[in-house]
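Q: Build me a model from this:
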Amino acid sequence: MGEKTPFDEMYNPDGSVREPYRALAEWLDEQPDKGLALMQTDAEAIFRRLGITFAVYGSDEGTEKVIPFDVIPRIIAANEWRRLSKGIEQRVKALNAFLYDIYHRQEILKAGRIPEKLILNNEAFCPQMMGLEPAKGVYAHIIGVDIVRVGPDEFYVLEDNLRTPSGVSYMLEDREAMMLLAPDLFHRSKVAPVETYPENLRRTLESVAPEGVRGTPNIAVLTPGIYNSAYFEHSFLADQMGAQLCEGPDLFVDGGKVYMRTTCGPEQVDVIYRRIDDDYLDPLTFRPDSMLGVPGLFDAYRAGNVTLVNAPGTGIADDKAVYTYVPDIIEFYLGEKALLQNVPTYNCTDEDQRAWVLENIADLVVKEVHGSGGYGMMVGPTATKAMHAEFRKKIEARPDNYIVQPTLNLSTCPTHIAGDVAPRHVDLRPYVLIGDEVRITPGGLTRVALKKGSLVVNSSQGGGTKDTWVLED
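A: The predicted structure follows:
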């Protein structure tokens, strides 16, 4: 799957520049010696001033870090993006149909297309959601789909993020920074806009407000608070949408409706964009020790008096073990073949596959089924023998807790590294909004592995971000 030399998104094998990158290549040639380094310094100052940081849990370097930003944009041709967005739309429609079915008639389980125990015994499955009718039948309103490229026409979906996908604020701020730093480069290319995202997010949230809401629906963003790693994003999106940023104690339930405490008295809330995990949403329904949620919130939701975005229980559709069945899910609900391929994945609960995995672990990527942010995973080729041994033991002890994939040769993009321009591996997280319609932001967040040869792009593991330019025809 992918040659020894990774696919270079800017250069053809003969060294010529690929068409989408022509204007960028000319611009790079014109930059003075220290031009990119000065831009990089300016970018860091912009991000620091705006407070664009993320928290690194368990780090000795302090919890707040400015996310590394690379000043060389990644460029996607219009025809490449059309193909990708069709595949993304197909995928998110099928996943929402799957969620509706899982929490209603469970036809896909009855048909034997997915093992029943994989769903019903899964900690991401939420029995409290059974039979509940969410507004417009939508469960996952905000989805991030992680995509990697390994060739000119080879794209794979690495994973789906349907719980509380993060990173969209970086996409927006990366674009703003590039427009400030390189306005001349924008004039040479027709780049699709991303700055409509907050407005589209608001439209999507308003479209799924409970029936009977008069006037403009009242929207709140529910955050766990300032110590959460994505707090900057929570406050940023609330501000951009003109919504209220709330913590659990700012909200209360009375008479089956949710209210926000304000200086002018209680104000009813119609839609809650929650950035709190299912377990902590409501201590009366989920974890009784939760201090982050709102007592009675789930009953208000069940009664149809408030919409929760994304719905509780959506995590069952982005479970890494369920991921392996997404092509079947697309075929089952839409009667179509998947337009975007999954990465081939080994099932460790199968004895033969497990034996093969344990033997070849040094060449494979091992991921925890419920892991995220690059935690709980091992990239075989860059790991030590001790780590190989440790993960063999883990897989033998809990085969159902891991999925294993080949090491993909991710494509590379030119990246500014210490005054030089060098290829670095990238992935892409496009953001999808689903309410009255499906809205896909052109491009998304490109994450880049800043260490030479590294395939781990997560900011928590030393990765950075780039602005992603989708060219318009």
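
Q: what's around H370, how many residues?
A: Number of residues near H370 (other Cβ atoms under 10 Å) recorded here: 15. Heads up, the C-betas are built off the backbone N, CA and C, glycines and all.

Q: actually A177, not the one I wrote
A: Neighbour tally, A177, other Cβ under 10 Å: 21.

Q: pLDDT score for it?
A: In this model, A177 is scored at 93, pLDDT.

Q: let's have the chain start at 68 instead
A: Got it, the first residue is 68 from now on, which makes the last one we talked about A244.

Q: Would you mind confirming that it is in contact with A112?
A: No - using Cβ atoms under 8 Å as the test, A244 is too far from A112 to be in contact (10.0 Å).

Q: Now do the phi/psi pair for T412.
A: In this entry, T412 is assigned phi and psi values of phi -130, psi 140 (degrees, to the nearest 10).

Q: if I look at it, how far off is G380?
A: Computed as Cβ to Cβ, to the nearest Å, the T412 to G380 distance reads 23 Å.

Q: Which of these two has more residues huddled nearby?
A: A count of neighbours by other Cβ under 10 Å puts G380 above the other of T412 and G380, at 24 against 18.

Q: got a list of what the residue nearest to that one when sequence neighbours are not counted touches?
A: Spatial nearest neighbour of G380, chain neighbours left out: C193 (3.1 Å); criterion: Cβ to Cβ, 6 or more residues apart in numbering. Counting by Cβ atoms under 8 Å, 6 or more residues apart in numbering, C193 touches 170, 345, 379-380, 382-383.

Q: gap between C193 and F165?
A: 14 Å.

Q: cool, L375 as well?
A: Distance from L375 to F165, by Cβ to Cβ: 19 Å.

Q: Kindly report the same for P362.
A: Counting by Cβ to Cβ, the gap from P362 to F165 is 31 Å.

Q: Which of these two has more residues huddled nearby?
A: More neighbours surround F165 than the other of P362 and F165, with 25 against 16 (other Cβ under 10 Å).

Q: Which helix or strand contains the more buried one?
A: helix 145-169 (DSSP states H and E).

Q: State the mean pLDDT of that helix.
A: Helix 145-169 comes out at a mean pLDDT of 97.

Q: ok, then the element right after it?
A: Next helix or strand after helix 145-169 toward the C-terminus (DSSP H and E): helix 174-177.

Q: Can you list the buried residues in that next one?
A: Buried positions in helix 174-177, judged by neighbour count with 16 or more other Cβ atoms under 10 Å: 175-176.

Q: Which elements pack onto that helix?
A: Secondary-structure packing of helix 174-177 (3 or more Cβ pairs under 8 Å, 6 or more residues apart in numbering; DSSP states H and E): helix 145-169, helix 183-187, helix 393-401.

Q: per-residue pLDDT, T108?
A: For T108, the predicted pLDDT is 91.

Q: Likewise for the one 10 residues further on?
A: Per-residue confidence for G118 comes out at a pLDDT of 75.

Q: secondary structure class for S521?
A: Three-state assignment for S521 (DSSP: H, G, I helix; E, B strand; the rest coil): coil.

Q: in this protein, what spans have low per-residue confidence?
A: Judged by pLDDT under 70, the chain has its weakly predicted residues at 68-71, 120-131, 438-442, 527-528.

Q: Outline the domain layout of it.
A: The chain breaks down into these domains under automatic domain parsing: 86-260+384-407+480-537, 278-372, 411-473.

Q: circling back: would you format the contacts of C193 as a markdown table with distance to D81 and secondary structure included?
A: Below are those laid out as a markdown table (distance: Cβ to Cβ, whole Å; DSSP: H, G, I helix; E, B strand; the rest coil):
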| residue | distance to D81 | secondary structure |
| --- | --- | --- |
| Y170 | 53 | coil |
| D345 | 52 | helix |
| P379 | 53 | coil |
| G380 | 51 | coil |
| G382 | 46 | helix |
| I383 | 47 | helix |
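
Q: Need the max-distance pair from those.
A: Maximum pairwise distance among the contacts of C193 (Cβ to Cβ): 13.3 Å, between Y170 and D345.

Q: any shared contact partners between these two?
A: Taking Cβ under 8 Å, 6+ apart as the criterion, Y170 and D345 both touch 193, 380.

Q: residues contacting the residue positioned nearest the centre of the chain?
A: Among the residues of the chain, the one closest to the centroid is G211, at 3.5 Å (Cα atoms, centre = their mean). By Cβ under 8 Å, 6+ apart, G211 lies in contact with 227-228, 232-235, 496-499, 511-512.

Q: hey, where'd the strands end up in the stretch 118-267 of the chain?
A: Ranges of strands in the stretch 118-267 of the chain, per DSSP state E, counting those that start in this stretch, are 120-122, 131-133, 136-143, 209-218, 221-228.

Q: actually the stretch 368-517 of the chain, sorry about that
A: Along the stretch 368-517 of the chain, counting by DSSP E, counting those that start in this stretch, strands occupy 374-376, 408-409, 413-414, 431-435, 444-446, 469-473, 479-484, 487-496, 498-501, 505-507, 512-516.

Q: Note down every partner strand of the first one and its orientation.
A: Which is strand 374-376. Next to strand 374-376 in the sheet, as set by DSSP bridges, lie strand 338-341 (parallel).

Q: CA-only coordinates of the strand it pairs with, as PDB, when you get a sec.
A: Provided in PDB are the C-alpha atoms of strand 338-341 (Å, rounded to 0.1, in the frame of the first residue of the first chain):
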ATOM      1  CA  VAL A 338     -30.100  24.000  21.200                       C
ATOM      2  CA  ILE A 339     -27.000  23.000  23.100                       C
ATOM      3  CA  TYR A 340     -23.800  22.400  21.200                       C
ATOM      4  CA  ARG A 341     -22.100  20.300  23.900                       C
END
